[in-house]
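> what follows is a predicted structure for the sequence shown.
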Amino acid sequence: MPINADRIRKLAEHGLTEYQARVYLALLDLGTATASQIPPIARVPRVLACYRYHPGNTHRRQAEMLDAMLTSFGKFLGDEGGRIPPGVVRKNWRKNLHRLYRWARRSDPACLPALALSAARAILTLPAPDDYFRYAARIHRTLEPDREDRP
């Protein structure tokens, strides 16, 4: 799907910035990509293609993105888990455990023992979709009191 001004304008009408629209269209075109593959195609600065470096993203926004990512991967693993090689699932889970550790250190230290147990289990077993959902729900619960859309 080529990136053009009309598509960017339509996505902007739905609340995305120009850079967000460009990255979204690039990901639609690529299917899957690393953060370093997106900027040349999307024509955005490399710094903006990776959420943790974006100056406008707060810790809360990063937690929301982590929540969404864990939920999405859990759904995908539940639907298409047999198609993903076990080594890829295990590697992805370890990366996500590291992200969760960084989040939990600051936002939910009580979660750290459970993360340590999950990391130990990850050596021997593959994660189930419920593992992703459990941590996504925990992040979601910590964000819930801060929701801005509440009266």
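Nice, thanks for sending it over.
> can you report how many residues lie near residue 72?
Using other C-beta atoms under 10 Å as the criterion, residue 72 is surrounded by 12 other residues. In short, each C-beta sits where N, CA and C put it, glycine included.
> from residue 13, how far off is it?
24 Å (C-beta to C-beta, to the nearest Å).
> look up the closest residue to the spatially most central residue of the chain, ignoring the ones flanking it.
With distances taken as C-alpha atoms, centre = their mean, residue 69 lies nearest the centre of the chain, 3.1 Å away. Spatially, and ignoring its direct neighbours in sequence, residue 69 is nearest to residue 96 (7.7 Å; C-beta to C-beta, 6 or more residues apart in numbering).
> that neighbour: neighbour count?
22.
> do I have it right that it meets residue 71?
No. Using C-beta atoms under 8 Å, residue 96 makes no contact with residue 71, being 11.5 Å away.
> joint contacts of these two?
residue 132 (C-beta atoms under 8 Å, 6 or more residues apart in numbering).
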